[in-house]
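>>> Sequence first, then the predicted structure, then my questions.
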Amino acid sequence: MRPVVKALVPLAVAGVTLVSGTAASASISAADARGSAPDRLVEVGLVEVDSIEVAESDAVTPMNVVRGNCGKAWLWLSDVGRRKYKVRTGFELAGSRRAVSYSWRVQVNGPRRWSKRHSWDSGLWFRKKWEGSRESNVPRRGIYSGTVVAGAVALSNGRACAALPASDPGRIT
């Protein structure tokens, strides 16, 4: 068994399991962690965690909105024309949970190993929901894929929620 980390850490690592009171888990592929085109994506939203540990990877179906025991996370990648895209991402906490801060990273991958990373982080004043967006140009038309590669939310009760990849592929023209 590999070591367990007792802290809130970025989740852009291969084969991550999130452990909470009722052992919720998921994993991402090594290709996702290296930032290359994803071949396996995770179907987990926000999950309240006590620790993070390495686990076996397993393939699941990609989704734009993913749900967990802590809330939901989302990502949409849309074409805005002239070799430009818009990525929109965020989270909403379930129940009475409130966020005091967050850190969020999205990676967009495309043809010929092209990639771009978008990052957001800030304090939140006991909010349930956050959403961010960015626009960017691409070097050529083609199929691109956006993925939440790291998402962490610090809660007002001292616990944390973590997000694994919500994902959306799209044709950018």
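Here it is on my side, so go on.

>>> Any buried residues in stretch 154-168, and which?
Neighbour-count burial for stretch 154-168 flags 154-156, 160-168 (criterion: 16 or more other Cβ atoms under 10 Å). Every C-beta, even on glycine, is put in place using the N, C-alpha and C of the backbone.

>>> and it, how far apart are its ends?
One end of stretch 154-168 to the other measures 25 Å (Cα to Cα, to the nearest Å).

>>> S145: helix or strand, and which one exactly?
Element membership for S145, per DSSP states H and E: strand 142-155.

>>> Just flag the most distant two among the buried residues of stretch 154-168.
Greatest spacing in the buried residues of stretch 154-168, by Cβ to Cβ: S156 and D168 (30.0 Å).

>>> quick check, nearest of the buried residues of stretch 154-168 to G146?
Taking Cβ to Cβ as the measure, G146 lies nearest D168 of the buried residues of stretch 154-168, at 5.4 Å.

>>> Who are the contact partners of the closest one?
The contact partners of D168, by Cβ atoms under 8 Å, 6 or more residues apart in numbering, come to 62, 64, 75-77, 145-146.

>>> Confirm that it sits in a strand.
Yes - judged by DSSP: H, G, I helix; E, B strand; the rest coil, D168 forms part of a strand.

>>> Which positions are bridged to the closest residue to it other than its chain neighbours in the beta structure?
Nearest non-adjacent residue to D168, counting by Cβ to Cβ, 6 or more residues apart in numbering: L77, 4.4 Å away. Note on L77: beta-bridge partners V87, judged by DSSP bridges.

>>> roughly how far apart are L77 and K129?
20 Å (Cβ to Cβ, to the nearest Å).
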